[in-house]
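# 3D, please:
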Amino acid sequence: MNNKFKAEPAHLIPISVSLLVGVLCTFLITTSSMEFYDITPLPENLFGSLGNAFYFVVLVGFGASLLYFLLKRRSHKLITFITGFALTTAVFTLSVIYSFAVFSTLAIPYIDALILISSSIITVLVDLIIFRVHNRVCDVIVLCLGGALGAFLGASIHTLSAILILCFLAVYDIFAVYRGPVGKIARSGLEHLRGLSFTFKDVQMGLGDLTFYSMLTSRVLFDSGPLFCFASATGVLIGVFLAFKMLEKKGIFPGLPFPTALGLTPWIISLFL
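Residues are numbered from 1 along each chain as shown. This is a model prediction of the structure:
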């Protein structure tokens, strides 16, 4: 982080783009005939949702700890392999999902083959750009991936579990940045984590932050409609800007607490109306 960093409204442009991608992907999901299954391991009740939130925090914490361990050991090739495998799987899966959402509304023959071919081509192009080209298009891909992945999570996780997951992750993010692996990774530099972060006007943010911002607003769109989705997205952007203001003094600051708190508020209000 540059010592002369000054938070400006322009810094919200990439987050806004990612949220917009998430909303568009959510629209594709809602207008298609796809059926989404729960990706959380426990049933949707109070104790099950608490367990689901704990499960997500453990997964995120394990992943961050593993990456930090490998960075510390300078195992850059293994890091590239792990992140490459994860990103390739995510891009291909999301490409299949959203290609089906698009093509299923059209009377096209051999739709399964078309989806498979188009998804494979998209995945190869994304991998080449992220791991070979290394230009600004890579940052745009990260923004789109965060929005698309967040929309998928929003469609696949029920309301109570989604709220608790976001709350738990926001609390964990504070620990992870100041005492845990996330802050240590940020201080070590993110250049070895291709596809897992983006840079814009001296600000570095992780793919995870973008994903959970989009997951929040997408789930609000599913539950409460466009008006509350817009209010939630506005809350997220205000929270991100507040986090950027904190960056002016601290140089590093967790990206989830402020946006999650302000983004959740309209959603929770809508659930009681």
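# in the chain, which spans are helices?
Assigned by DSSP state H, the helices in the chain fall at 13-30, 46-72, 76-103, 111-128, 136-156, 159-178, 181-188, 207-224, 226-250, 257-272.
# would you list the ones you listed in CSV and tack on distance to A7?
(C-beta placed from N, C-alpha, C; glycine too.) Listed next are those as CSV, based on distance: least, CB to CB, whole Å:
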stretch, distance to A7
helix 13-30, 12
helix 46-72, 25
helix 76-103, 29
helix 111-128, 30
helix 136-156, 19
helix 159-178, 17
helix 181-188, 17
helix 207-224, 16
helix 226-250, 4
helix 257-272, 12
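# roughly how far does G61 sit from F54?
10 Å (CB to CB, to the nearest Å).
# which one of the two has more residues nearby?
G61 (17 against 14; other CB atoms under 10 Å).
# any regions of the stretch 101-250 of the chain where pLDDT drops low?
134, 188-192 (pLDDT under 70).
# quick one: residues contacting the closest residue to F222 other than its chain neighbours.
Distances taken as CB to CB, 6 or more residues apart in numbering put G154 closest to F222, at 6.2 Å, once the chain neighbours are dropped. Applying CB atoms under 8 Å, 6 or more residues apart in numbering to G154 gives the contacts 22, 26, 162, 214-219, 221-222.
# what do you get if the cut-off is 7 Å, keeping everything else the same?
By CB atoms under 7 Å, 6 or more residues apart in numbering, G154 lies in contact with 26, 162, 215, 218-219, 222.
# contact partners for Y55?
So Y55 contacts P41 (CB under 7 Å, 6+ apart).
# separation between it and V220?
22 Å.
# and V133, how many neighbours?
11.
# please apply the same query to L70.
Neighbours of L70 (other CB under 10 Å): 19.
# what sits against it?
So L70 contacts 78-79 (CB under 7 Å, 6+ apart).
# just give the closest residue to F92, not the sequence neighbours.
Nearest to F92 is T123, by CB to CB, 6+ apart, at 4.4 Å.
# I figured that neighbour was touching A90, is that so?
No - under the criterion of CB atoms under 7 Å, T123 makes no contact with A90, lying 9.4 Å away.
# if I look at the residue nearest the centre of the chain, how far off is S65?
Centroid-nearest residue in the chain, with CA atoms, centre = their mean: T211, separated by 1.0 Å. The spacing between T211 and S65, counted by CB to CB, is 18 Å.
# same deal with F272?
38 Å.
# mind listing what the closest residue in space to F168 that isn't next to it in sequence touches?
Closest residue to F168 apart from its sequence neighbours, by CB to CB, 6+ apart: A53 at 4.2 Å. A53 sits next to 161, 164-165, 168 when contact means CB under 7 Å, 6+ apart.
# try it again at 8 Å.
161, 164-165, 167-169.
# what's the closest residue to R187 other than its chain neighbours sitting at in phi/psi?
Of all residues not flanking R187 in the chain, I252 sits nearest, at 7.3 Å (CB to CB, 6+ apart). With angles defined as degrees, to the nearest 10, I252 sits at phi -150, psi 140.
# which pLDDT value goes with I252?
pLDDT, I252: 83.
# great, nothing more from me.
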